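In: give me a model of this one.
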Amino acid sequence: MSKIASDTAMVMAAGMGKRMRPLTAAMPKPMVRVAGKPLIDHALDRLADGGVQRAVVNVHYLADALEAHVLERKTPSVVISDERDALLETGGGLIKAQHSLPDPFFCLNADNIWLDGPRSAFHDLSARWNPDEMDALLLLVSHARAENFSGKGDFHMDPLGRLKRRSSGRIAPFIYTGIQLVSKRLLRDAPEGRFSTNILWNRAMEEGRLYGLSFTGMWYEVGTPDAIAPTEDALRRG
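Out: Coordinates of the predicted model:
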């Protein structure tokens, strides 16, 4: 199997999980169980299966329970990025953790569930990665490969793989899975404090350095309690 581009992933697990209420009234969203195990274990198991050896997990909401759970793991080994004092959103979370991250690094949301295609998502991203051209490579799915998703999509992709955002009121063919491969160049001259990764993506897009890759597997949107049962049914079907 081909070598993956990084041995480390940032796992974004600090959010409040408001759309998953009432389940998140007493537990962080990454601890909500789907198909017999917490959401974050689905993500961490995929990292381990793909050969990613180390995960940097940020924590904020109900952090003690989440930290205790993930630190029990041996593979991947887990390092905590502590955001208990202030929730920093996705961009701020990356900046806080950057000294624990190599160049490049994978990044994924803790609530991701997916089934790989012919090879793992991390090997797909690695095979496409070109640091001379890219600040970030986003894993995207078509609407047909996105279960439980009812939105309008996120991105258009040109023949070279460069991305532009969906125009207001229009439908875009690709949905961001929450999984990406990131150069630390993306993090340069970042704002301080709390901000979204969208700010960094927008700059990369303007410079022609934000790329996408169409995923060959299946991806499951698990944003609300109503999505849990359909996701479990789909996973049983394989």
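
In: what about the biggest strand by length in the chain, average pLDDT?
Out: Of all segments of type strand in the chain, defined using DSSP state E, the longest is strand 174-182. On average, the pLDDT along strand 174-182 is 97.

In: contacts for that strand?
Out: 5-6, 10, 12, 94, 104-109, 111-112, 114, 121, 125-126, 129, 135-143, 146, 149, 151, 153-157, 212, 214-215, 219 (CB atoms under 8 Å, 6 or more residues apart in numbering). C-betas here are computed from N, CA, C, even on glycine.

In: and the strands in the chain?
Out: Under DSSP E, the chain gives strands at 8-12, 33-34, 37-38, 54-59, 77-82, 105-109, 113-115, 136-142, 146-147, 155-157, 163-165, 174-182, 210-214, 218-220.

In: and those strands, which one's lowest on average pLDDT?
Out: strand 146-147 (a mean of 90).

In: now the residue positioned nearest the centre of the chain: closest residue in space that isn't a chain neighbour?
Out: Central residue of the chain (CA atoms, centre = their mean): Leu108, 2.1 Å from the mean position. Leaving aside its sequence neighbours, Leu108 sits nearest to Ile179 (CB to CB, 6 or more residues apart in numbering; 4.5 Å).

In: how close does the one you found get to His123?
Out: Going from Ile179 to His123 by CB to CB, to the nearest Å gives 12 Å.

In: pLDDT weak spots in this structure?
Out: Within the chain, the segments meeting pLDDT under 70 span 1-2, 238.

In: which residue lies farthest from the center of it?
Out: Gly169 (25.4 Å).

In: residues contacting the nearest residue to Ala234 once chain neighbours are set aside?
Out: The spatial neighbour of Ala234 that comes closest, neighbours along the chain excluded (CB to CB, 6+ apart), is Glu147 at 5.2 Å. By CB under 8 Å, 6+ apart, the residues touching Glu147 are Met218, Trp219, Tyr220, Glu221, Pro230, Thr231, Ala234.

In: for the strands of the chain, give me CSV that also has distance to Ala190.
Out: CSV is the format used below for the strands of the chain (distance: least, CB to CB, whole Å):
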stretch, distance to Ala190
strand 8-12, 14
strand 33-34, 33
strand 37-38, 30
strand 54-59, 15
strand 77-82, 15
strand 105-109, 14
strand 113-115, 28
strand 136-142, 13
strand 146-147, 30
strand 155-157, 22
strand 163-165, 20
strand 174-182, 12
strand 210-214, 15
strand 218-220, 28
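
In: nearest to Arg19, of these?
Out: The closest of the strands of the chain to Arg19 is strand 105-109. By CB to CB, the value is 12.8 Å.
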